[in-house]
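Trainee: I'd like to go over a predicted model; first the sequence, then the structure.
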Amino acid sequence: QRVLVLNGPNLGRLGRRQPEIYGTTTHDQLAELCAQWGTELGLAVETRQTNHEGVMLDWLNEAADDATPVVLNAAAWTHYSWAIFDACAQLVGPLVEVHISDPKQRPEEFRHTSVVTPYAAAVIAGQGIDGYRQALGAIAGLLPAD
Ligand code: DQA
């Protein structure tokens, strides 16, 4: 079973971006970890990152067409993008929302809302990079047994 891990803006700089908040694992390392965690769960995981909202929308539309399960860290778009909201609404396969930090515990008011949560089967936040492992586990648990 194929699964997409989709990461939004500024997550390409993981490991260098505010490591006190987001840790020291790079995006390449995260992609490698997700592939390994997927293998343990019997999932073929592909991890992608973009800073371009239209590209993310194309990926979500592709996932909707193919009923591909999605682990989504929409980063800052989480908090204001109605286009991401609409794209998530169309998804057919399970959607799990992940955040490395816990946006609800952070001081900026704008982080306290999410356009993804209404369509997410699970939200994993504040678990660091391990949150992606937990999200993939949640996806595996949501898939019909075959
Ligand atoms: C984030 C939290 C968001 O508030 C922020 O805009 C990000 C990353 C996280 O993974 O903790 O870019 O989604």
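Mentor: Perfect, I can see it now.
Trainee: and the one helix or strand residue 96 maps to, does that touch the ligand?
Mentor: Assigning secondary structure by DSSP states H and E places residue 96 in strand 95-99. Yes: judged by CB under 6 Å from any ligand atom, strand 95-99 comes into contact with the ligand at residue 99. C-beta: built from backbone N, CA, C; applies to glycine.
Trainee: Equivalent analysis for stretch 69-77, please.
Mentor: Yes: with CB under 6 Å from any ligand atom as the criterion, the ligand is reached by stretch 69-77 at 73, 75, 76.
Trainee: Of those residues, which is the most crowded?
Mentor: Of all these, residue 73 has the most neighbours under the rule other CB atoms under 10 Å, reaching 24 neighbours.
Trainee: That one contacts residue 98, correct?
Mentor: Yes: if you go by CB atoms under 8 Å, residue 73 and residue 98 touch, sitting 4.9 Å apart.
Trainee: Which SSE is immediately downstream of the worst-scoring helix or strand of the chain on mean pLDDT?
Mentor: When the helices and strands of the chain are scored by mean pLDDT, DSSP states H and E, helix 19-22 comes last with a mean of 95. Note on helix 19-22: by DSSP H and E, the next helix or strand toward the C-terminus is helix 27-41.
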